[in-house]
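Visitor: Here's a sequence, model it:
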Amino acid sequence: MDNKGLFKNVERQIAKKLAPVERIKNHNEFYLYQSDEAIKKQASRCMDCGVSFCNYACPLGNSLPELNELIVEDNWEKALEILLETNNFPEFTGRLCPALCEGSCSLSIDHGSVTTKEIELSIIERGFKENYVKPIKPKFRVDKKVAVIGSGPSGLAVAQELNKKGVNVTVYEKDYEPGGLLRLGIPDYKIEKSIIDRRIDLLKEEGIKFICNTEIGVDLAIEELQENYDGICLANGFTVPREINAPGNQLKGIYFALDYLKQQNLINAGIPLENELINAKDKNVLIIGGGDTGADCLGIAIRQGAKSIHQIEILSEPPKERSSKTPWPYWPYMLRKNTAHEEGGQRSWDTLTQRFKGNESIESVVCSQVSWESINGQMKMTVKENSEYEMDSDLVIVAAGFIDTKNYEMYETLGLTFGEKNSIITENHMTNVEGIFATGDLKNGPSLICKAISDGREASKSIYNYLK
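Guide: Take a look at the predicted model:
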């Protein structure tokens with residue numbers, strides 16, 4: 001870049017947000033993104049390192065110093081072209097990715113990393129605004145058909161990459177619209193669904209076919225797909241939640257996080273509910289699980305008007321600064337504050353759920369404090385003596401992660417093999433059944449959106465080689 005050393009006098013700046021008291025009034029996105037000129041200043045902070053650790057940290061391999069230089073030169077259209085070479089959906093990652101690249105930026109050591117995530121989002125949004133983003137239609141079609149089961153980020157990446165090569169792709173989605181957990185598992189305030197619709201419309205223009213409200217193995221037999229397609233890619237994710245195996249866990253008023261989040265997204269979309277309404281209004285809410293999914297539930301409960309909200313985590317509180325266990329350029333293990341935590345609620349660590357109390361419905365939860373120590377490289381938990389306490393709770397949301405995938409009957413029919421953590425075993429993305437591939441969380445276990453897209457891109461290469 002021409003202006004070397006600007007990181008010394010240009011401070012890192014990120015997008016401002018609506019004040020919590022304003023943004024909790026609705027379910028809309030609340031970031032106030034910076035102007036193009038401000039983004040150019042942020043891009044100018046890039047040092048164009050001899051070894052670009054940010055590139056290596058990004059699962060997609062985005063050409064970050066090159067993008068920054070193009071933005072400084074005001075060449076947004078070329079920057080978009082370079083970005084789309086590695087990332088199919090920057091409008092998704094620019095909102096939802098934790099930005100592994102920023103954790104490995106050289107400037108993160110002393111000066112605050114380049115705001116890569118926001119720069120990428122600015123590039124794609126400028127592209128939509130200026131009509132740079134066009135449907136990527138294949139120049140020719142090959143006489144091959146592939147069915148993709150699941151329309152989350154990994155499935156969509158597989159579909160788009162194969163379609164570029166002229167393969168005829170049909171995506172099957174069990175819910176009412178494509179998007180997978182992007183649409184139903186992530187709150188609207190993090191990604192408004194019009195953003196997903198905009199991309200799906202483009203994919204349809206490119207020639208990809210979508211069939212929704214169709215669960216393979218339930219509404220349509222997998223054998224029918226085997227007969228009618230040259231290849232099948234399983235991209236239907238990990239959706240079986242981890243239960244809290246404590247006495248009283250069958251009481252009414254205890255729900256899984258995905259059911260809670262999905263229902264609010266359906267309400268926002270104006271879709272009639274099939275199950276009973278889960279609402280936190282005027283209730284004492286307990287969220288079990290300290291991760292981002294639990295924080296998403298916290299944000300929804302605040303918007304619904306909860307009386308009180310407490311989020312508990314069995315693990316210890318991470319350090320507030322980068323830990324020596326994860327030195328630069330590793331992704332830093334440290335305490336992170338979700339936007340929902342700015343809005344309200346309490347957080348507790350080292351907290352074990354002992355039992356749920358109530359008659360027919362949940363009334364309170366008994367917890368204990370625990371401690372952790374490393375023994376022969378393994379972390380061991382000990383329950384502290386006389387540490388039990390009780391919390392009033394009329395609504396409990398379990399956000400303890402996902403441990404498995406559904407549709408086992410279909411997988412057993414196919415004869416697929418699974419690993420120890422219930423993910424499908426593959427070799428170059430192909431399962432033990434010829435012509436059937438797997439990608440994303442189903443193959444790797446629950447992970448990040450950037451890794452899901454990257455894995456979908458790699459799966460498409462294996463599928464195309466097989467078709468050839």
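
Visitor: going forward, measure contacts and count neighbours with C-alpha atoms only.
Guide: Fine.

Visitor: Check the chain for its longest helix and report it.
Guide: helix 449-467 (DSSP state H).

Visitor: just how off-centre is that helix within its chain?
Guide: Counting by Cα atoms, centre = their mean, to the nearest Å, helix 449-467 is centred 17 Å from the centre of its parent chain.

Visitor: swap in stretch 155-162?
Guide: Counting by Cα atoms, centre = their mean, stretch 155-162 is centred 17 Å from the centre of its parent chain.

Visitor: if we can go back for a sec, pull out the buried residues from the longest helix of the chain.
Guide: 449-461, 463-464, 467 (16 or more other Cα atoms under 10 Å).

Visitor: Give me the pLDDT for residue 420.
Guide: On pLDDT, residue 420 comes in at 82.

Visitor: distance of it from residue 403?
Guide: Applying Cα to Cα, to the nearest Å, the value for residue 420 to residue 403 is 11 Å.

Visitor: So for those two, which residue has more residues nearby?
Guide: Higher neighbour count among residue 420 and residue 403: residue 403, with 16 against 7, using other Cα atoms under 10 Å.

Visitor: Next, the contact list for the more buried one, please.
Guide: By Cα atoms under 8 Å, 6 or more residues apart in numbering, the contact set of residue 403 is 238, 239, 240, 241, 242, 421, 422, 445.

Visitor: May I have the predicted confidence score for it?
Guide: The model reports residue 403 with a pLDDT of 89.

Visitor: Confirm that it sits in a strand.
Guide: Yes - according to DSSP: H, G, I helix; E, B strand; the rest coil, residue 403 belongs to a strand.

Visitor: Isn't residue 358 up against residue 364?
Guide: Yes - contact criterion Cα atoms under 8 Å: residue 358 and residue 364 qualify, at 6.7 Å.

Visitor: Who does residue 424 form a beta bridge with?
Guide: In this entry, residue 424 is beta-bridged to residue 418, by DSSP bridges.

Visitor: hmm, back to that, so which other helices or strands are in contact with the longest helix of the chain?
Guide: Judged by 3 or more Cα pairs under 8 Å, 6 or more residues apart in numbering; DSSP states H and E, helix 449-467 is in contact with helix 90-96, helix 153-164, strand 436-438.

Visitor: try it again with 7 Å
Guide: helix 153-164 (3 or more Cα pairs under 7 Å, 6 or more residues apart in numbering; DSSP states H and E).

Visitor: What strands line up against the helix or strand that comes right after the helix it packs on, and which way round?
Guide: For helix 153-164, the succeeding helix or strand toward the C-terminus, using DSSP states H and E, is strand 168-172. Strand 168-172 pairs in its sheet with strand 145-149 (parallel), strand 209-211 (parallel), by DSSP bridges.

Visitor: ok now the shortest one, how far from the chain's centre?
Guide: Right, the one you point to is strand 209-211. Put simply, strand 209-211 sits 22 Å off its chain's centre (Cα atoms, centre = their mean).

Visitor: Just the residues contacting that strand, thanks.
Guide: Residues from elsewhere that reach strand 209-211, judged by Cα atoms under 7 Å, 6 or more residues apart in numbering: 169, 170, 171, 172, 173.

Visitor: what's the average pLDDT for the following helix or strand past it?
Guide: Downstream of strand 209-211, the first helix or strand assigned by DSSP H and E is helix 222-228. For helix 222-228, mean pLDDT rounds to 96.

Visitor: Then stretch 67-87?
Guide: Computed over stretch 67-87, the mean pLDDT rounds to 97.

Visitor: still on that earlier bit, columns neighbour count, distance to residue 6 and pLDDT on top of the contacts of strand 209-211, output as TSV?
Guide: What follows is the contacts of strand 209-211, written out as TSV (neighbours: other Cα atoms under 10 Å; distance: Cα to Cα, whole Å; pLDDT from 0 to 100):
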residue	neighbour count	distance to residue 6	pLDDT
169	24	47	98
170	20	48	98
171	23	46	98
172	26	49	98
173	25	48	98
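
Visitor: Tell me the one of those nearest residue 268?
Guide: residue 173 (19.8 Å; Cα to Cα).

Visitor: how much space between the closest one and residue 430?
Guide: Distance from residue 173 to residue 430, by Cα to Cα: 21 Å.

Visitor: again with residue 365
Guide: For residue 365, the distance to residue 430 equals 45 Å [Cα to Cα].

Visitor: so which strand or helix has residue 367?
Guide: Judged by DSSP H and E, residue 367 forms part of strand 362-375.

Visitor: Which strands border that strand, and is each parallel or antiparallel?
Guide: Sheet pairing for strand 362-375, assigned by DSSP bridges, gives strand 351-358 (antiparallel), strand 378-383 (antiparallel), strand 389-392 (antiparallel).

Visitor: For the most centrally placed residue in the chain, which non-adjacent residue is spatially closest?
Guide: Central residue of the chain (Cα atoms, centre = their mean): residue 449, 4.4 Å from the mean position. Residue nearest to residue 449 in three dimensions, not counting chain neighbours: residue 97, with 6.2 Å by Cα to Cα, 6 or more residues apart in numbering.

Visitor: where does that neighbour fall, phi/psi-wise?
Guide: For residue 97, the backbone dihedrals (degrees, to the nearest 10) come out as phi -70, psi 140.

Visitor: Got the confidence number for it?
Guide: Confidence for residue 97, expressed as pLDDT, is 96.

Visitor: Residue 453 is in contact with that one, correct?
Guide: No - contact criterion Cα atoms under 7 Å: residue 97 and residue 453 do not qualify, at 11.0 Å.

Visitor: Helices of the stretch 1-150 of the chain, residue ranges please.
Guide: Taking DSSP state H, counting those that start in this stretch as the test, the helices found in the stretch 1-150 of the chain are 20-23, 36-43, 53-57, 64-72, 76-86, 90-96, 100-103, 116-129.

Visitor: Which one of the ones you listed lies nearest to residue 373?
Guide: Between the helices of the stretch 1-150 of the chain, helix 100-103 lies closest to residue 373; by Cα to Cα that is 27.0 Å.

Visitor: Would you mind extracting the C-alpha trace of that closest one into CSV?
Guide: Written as CSV, here are the backbone C-alpha positions of helix 100-103 (Å, rounded to 0.1, in the frame of the first residue of the first chain):
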residue,chain,number,x,y,z
LEU,A,100,-10.7,-15.6,13.2
CYS,A,101,-8.7,-13.4,10.8
GLU,A,102,-8.8,-10.5,13.2
GLY,A,103,-7.4,-12.6,16.0
